[in-house]
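Engineer: 3D, please:
(one chain, ligands or ions: 1)
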Amino acid sequence: MTMTKEKQNNGILKELCPKTGCAKGFVNGPCGGEVNGKCETDKTRDCTWILIYEGLKKNGKLEKFLNQYIEPKKLSSKS
Ligand code: SF4
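Structural biologist: Predicted coordinates:
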């Protein structure tokens, strides 16, 4: 899954920000370290990406979220 600021601003998920909620700040998640919904960096914390997934599923927005195409970021300054 990929979360963008645009998707957050469009109201798909305003309350969960992966840049600040995920210990690694991943915008693609979850990472491979999540175990039973807990973060690999701190087993007492919920994995933000699992919370995002469950929130989308609960609100009936998962399919819409997963079926949206997001252009890859152009990270190179060379053209
Ligand atoms: S387990 Fe979840 S919250 Fe923790 S670093 Fe991985 S994706 Fe981020």
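Engineer: near the ligand at all, the longest helix belonging to the chain?
Structural biologist: Ranked by number of residues, the top helix in the chain under DSSP state H is helix 48-58. Yes - against the ligand, helix 48-58 shows contacts by C-beta under 6 Å from any ligand atom at Thr48, Trp49. C-beta: built from backbone N, CA, C; applies to glycine.
Engineer: near the ligand, which residues of this protein?
Structural biologist: Residues of the chain lying close to the ligand (C-beta under 6 Å from any ligand atom) are 22-24, 26, 29-31, 33-34, 39-41, 47-49.
Engineer: from those residues, list just the buried residues.
Structural biologist: When the residues of the chain next to the ligand are checked for burial by 16 or more other C-beta atoms under 10 Å, the buried set is Cys22, Phe26, Gly29, Pro30, Glu34, Cys39, Cys47, Thr48, Trp49.
Engineer: which residues does the first one contact?
Structural biologist: With contacts defined as C-beta atoms under 8 Å, 6 or more residues apart in numbering, Cys22 is in contact with Gly29, Cys31, Cys39, Cys47, Thr48, Trp49.
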